[in-house]
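Visitor: Structure of the sequence below:
(chains A and B)
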Amino acid sequence: MFEQHSPVLPIILPLIAAPICILLGRSQLAWLFATFISALGFGISIGLMLTTLDQGVLSYSLGGWEPPWGIEVRVDAASALVLCVVTGISSLVLVYAKESIAKEIDSSQHTLYYTAHLLCLAGLSGILSTGDAFNLFVFLEISSLATYTLVSLASDKRCLTAAFRYLIMGTIGATFILIGVGMMYMKTGTLNMLDLAARISEYDSSRTLNTGLAFILVGVSIKLALFPLHMWLPPAYTHAPSAVSAFLASTATKVAVYVMVRFIFTIYGAEYVFHTMGMDTILLVLAIVAIFKCSFMATVQSNVKTVLAYSSVAQIGYMILGISLVSTLGLTAGLLHIFNHALMKGALFMAVGAVLLRTGSVDIKAFQGLGKQMPLTMAAFTIAGLSIIGVPLTAGFVSKWYLVTAALEQQEWTVAFLVLAGSLLAIIYVGRILEAAYFKNPAEGTTYKEAPLLMLIPLWILVFANIYFGIDTSMSVGAADTAAQWLTQPSSSPATALSVNMGGATQ
Amino acid sequence: MNIWSALEPSQLINLTIIVPLVGAALVVLLGKNPNLRESISIATAVILFTLVLGITDNTFNQLNMATSWVDFLPGLNIAFSVEPLGVLFALVASFLWIITTIYAIGYMRGHNEENQTRFYCCFALAISSVMAICFSSNLLTLFIFYELLTLSTYPLVTHAGNKNAKRGGRVYLGILLSTSIAFLLFAILATWVSTGTLEFTPGGIFTDAQSSSLVSLLLVLFCYGVGKAALMPFHRWLPAAMVAPTPVSALLHAVAVVKAGVFSILKIVIYIFGIDNLSQISTTDVMLYIGAATVLFSSFVAMTKDNLKARLAYSTVSQLSYIVVGALLASSIAFAGASLHIVTHAVGKITLFFCAGSIFVTTHKKNISEMASLGRKMPLTMIAFTIGALSIIGLPPMAGTWSKWYLVVGALEADKLIILMVLTISSLLNVAYLLPIPIRAFFTPADQRSQSWSWSETSEAPWPSLLAITVTSVMCLVLFFYPQPIIELVNLIPGVSTDINGGT
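Guide: From the prediction side, this is the model:
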């Protein structure tokens, strides 16, 4: 009974829990409840991941209506991988949030924060597990609306402009996706992804479908902040509460990358997108420009959260670069980097949040002398920073290894070199902060305490994950590899599909 | 000499890496008690040396030793195995670690340095990385610990924590990380993609399946990727790293770090490219002449430096390129000379650095121009300095003679007269920038003609430092008269022989 419904649980649980969270009223209770729900979702996601790796695709028909008429929830290795990342990070961030939001969000709005977080989680999980293109749009909007709220919750009033900017850009992106999905529906008469894939492959080329693809790719590119459509992201991450930045940076954009992978590989098919439409070159160039332009921008910022935000945009470039290499290995690298980047960026934003809590500022000047005063926080920041640079024995190194191998496999020597050269910029932007922390003396007469334990624990869990997945890669690479295999060879997936067809009360 | 014969031979490799790590942890735990902390450091160093001796013994007995830690990727492990070249380097590094620790006790206390616990801890971590580099059985393992060595030595270089240290550290980390990521990692990945293996294999791993232009490019990338070998123009980090306390300069920048660099190049040349294939690679000569140019050019720069440590640093840059040149001559005997030079240069240069540090601690003098008549005050130190300098120059009866001898014979065998000239001129330059220092110290009078010298005038460095200096300078002599074990070890390297024409 429970197992049978497990594919839909990661969506349903937080969706139901969100209103309950408001009714709980007390901040403390809401925190416990939200964390519990999120952890439960994480447990289920791990179960789903193991099942998909073992048995193949899980399909679930909502309300017992058979696809393609009913809405299908479909979890394969790619969805399960990202689902684990999202629910895992969400749980850690929620643990962390209690102390972090105490200072950054007005106390009357704490329950609102947990509610919006759960709604966002429900939306993200929905995107990841739905097998229906329109449904995907709906979940995307659920998560985005929750995100706008989350960003605007900070007590610093500049978050309002940032949230508004995000809202405008996000809505344009969502509208584009909706138009694109509409065009696909117009031409094929279906919204189920597998059904869409089957019907689209019957057309050699159709102007409606081409236009639809263009709308979708641009829309998704806004959502995932692909250069040059990234301008909403730095202000949003800078002014949002730290817990929100940590959550969004390691999940929201990753899920958008997942959406792009879905549309490209599952629905339209790599052949159509890359060969007929020639999107690979466009994506490749944009990715490389993103890596260099935004890494460079990160080196000149004085606000550390902005540094991390620009670094995020650059890292998204790496993911898109993996996808644009049009190979299984490239896709593996892209998916792997989704996973690894979530670990490092989550840890970095959490460390910065801890600094903000203690010093009241995230300017690089606030970091002066923190190496002595907040040694645990800064040690965590250092290790996560090394992971961003891609030093061996950290998760970032594994990502780089796969990206470069994938590029070399395609004989793209210049691309391979540029990927590595991009890391040199990371040395600069991470190094600046570390130099301030370890070499500068703190301003006269200031002493700060180490961050509270409830922030340090999730932070260090992520740091250890960075090291663990940098040494033992079998789990992360295995999952990414399986996911990429299925995405690039769609013929093999239905054969292994495990149908959990019956939903609801019919059985 | 193997007191560990009860242990599984392969376990010895694990222990050489783990023992310094345990030492580092204990140093941190016992940081409150300086005497205990330093005892732990010395004990760890001694245990490590006996472990390496055990490995050496097994190597002579032709025992295979290999161990694998984790599977990083399918077909690619973090793994270790023992081969003679690595044993040679491990012997040097672990032996000199003992001496340097003794020296450091005198220096750090005499100088009242802060953060000594961090210092000893990072020192042990660095040695652990060096051991892992010595015994790495593939390029991935080598790269991982090469990077860890850079990171663990960074706190040592920037030990002083002031503006200068920060600037030096920036150059140090910037150049070493940049070259290793942009060139070395790139070359490793390209090797992996084109050959499907990264194992160190006698005779090399490249076959006819790889285009010759690719292999030529890879040679350049490897040579420059190993930034620790300080090939010009990527040598700036080494003088910059001299802001470190002198024991650090001594062990790390005369032995562990820089030798890890040239060791990597030697290992790559012999086990990835293969000595015999070198001559068919079009860029070998290019890199050879860049190495030769580095030898000469940095000798010239060394002559212009008045700061003693800076002069020694440029001298190191020059001497490192001897090893690169020896590796690239594509001659078995030159390769043997290069391997020997790791040892002989290490004992010679560490003596010089020790002396420089002792002079600084005792008299607070950094510049050569201020060292007139220092021989009256620190006669033992200056005698040791003379011995070290003679060894670097390569004059008998000092250890440096042997490596230079084989290098010169190798250059003749390879029929590269230009290299022969470079080696000769460079030796003269060594004389010109090293010998004036003891000469000035002994023979140039200070301000006034003073009366005859007596022992009461002397004020040497603290005794642990003096002891260390004595040991290394005696080593310079001993290795001239008794180099057989080292030479036998070098002859065990596959394809390398100190006999002319490869012993055939």
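
Visitor: What's the first helix or strand after the strand or helix carrying A:Ile320?
Guide: Using DSSP states H and E, A:Ile320 falls within helix A:304-324. The helix or strand immediately downstream of helix A:304-324 is helix A:328-359, counting by DSSP H and E.

Visitor: helices and strands around the next helix or strand after that following helix, which ones?
Guide: Downstream of helix A:328-359, the next assigned helix or strand under DSSP H and E is helix A:370-373. Packing partners of helix A:370-373 (3 or more CB pairs under 8 Å, 6 or more residues apart in numbering or on different chains; DSSP states H and E): helix A:375-389, helix A:413-439. Where you see a C-beta, it was placed from the backbone N, CA and C, and this is true even at glycine.

Visitor: what's the distance between the top strand by length along chain B and the middle of its chain?
Guide: Determined from DSSP state E, the single longest strand within chain B is strand B:66-73. How far strand B:66-73 lies from its chain's middle: 27 Å, per CA atoms, centre = their mean, to the nearest Å.

Visitor: Alpha carbons of whichever helix or strand comes after that strand, as CSV, please.
Guide: Where DSSP H and E defines the elements, the next helix or strand beyond strand B:66-73 is strand B:76-81. Extracted C-alpha coordinates of strand B:76-81, given in CSV (Å, rounded to 0.1, in the frame of the first residue of the first chain):
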residue,chain,number,x,y,z
LEU,B,76,41.0,4.0,-11.9
ASN,B,77,42.0,3.6,-8.2
ILE,B,78,43.8,5.6,-5.6
ALA,B,79,46.5,3.1,-5.4
PHE,B,80,50.1,2.7,-4.3
SER,B,81,53.0,0.5,-5.3
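
Visitor: what about strand B:76-81, average pLDDT?
Guide: Average pLDDT, strand B:76-81: 87.

Visitor: List the buried residues for that strand?
Guide: Residues of strand B:76-81 classed as buried: B:76-81 (neighbour count, 16 or more other CB atoms under 10 Å in any protein chain shown).

Visitor: Who are the packing partners of the helix or strand following that strand?
Guide: Counting by DSSP H and E, the next helix or strand C-terminal to strand B:76-81 is helix B:84-110. For helix B:84-110, the packing partners by 3+ CB pairs under 8 Å, 6+ apart come out as helix B:34-60, helix B:116-135, helix B:246-251, helix B:257-268, helix B:332-363, helix B:463-481, helix B:484-492.

Visitor: residues in contact with B:Met398?
Guide: Neighbouring residues of B:Met398 by CB atoms under 8 Å, 6 or more residues apart in numbering or on different chains: B:348, B:387, B:390-391, B:476-477, B:480.

Visitor: To clarify, my last question referred to B:Trp97.
Guide: Counting by CB under 8 Å, 6+ apart, B:Trp97 makes contact with B:45, B:48-49, B:123, B:127, B:251, B:256.

Visitor: Need the nearest residue in space to A:Leu459, chain neighbours excluded.
Guide: Closest residue in space to A:Leu459, ignoring its immediate chain neighbours: A:Met350 at 4.4 Å, by CB to CB, 6 or more residues apart in numbering or on different chains.

Visitor: What is the neighbour count of that neighbour?
Guide: If you count neighbours by other CB atoms under 10 Å in any protein chain shown, A:Met350 ends up with 34.

Visitor: try B:Thr470
Guide: Neighbour count of B:Thr470, defined by other CB under 10 Å: 17.

Visitor: Is it correct that it is in contact with B:Thr381?
Guide: No. With contact defined as CB atoms under 8 Å, B:Thr470 and B:Thr381 do not form a contacting pair (9.7 Å).

Visitor: and the helix holding A:Ile320 with helix A:375-389, angle?
Guide: Angle of helix A:304-324 versus helix A:375-389, following axes from the mean of the first three to the mean of the last three CA atoms, to 10 degrees, is 30 degrees.

Visitor: so who does A:Trp232 touch?
Guide: Neighbour list for A:Trp232: A:165-166, A:168-170, A:222, A:225 [criterion: CB under 8 Å, 6+ apart].

Visitor: Just give the closest residue to the residue in the stretch 201-350 of chain B positioned nearest to chain A, not the sequence neighbours.
Guide: Closest approach between the stretch 201-350 of chain B and chain A, counting by CB to the nearest CB: B:Leu217, at 9.3 Å. Taking CB to CB, 6+ apart, and ignoring the residues beside it in sequence, B:Leu217 has B:Thr283 as its nearest neighbour in space, at 7.4 Å.
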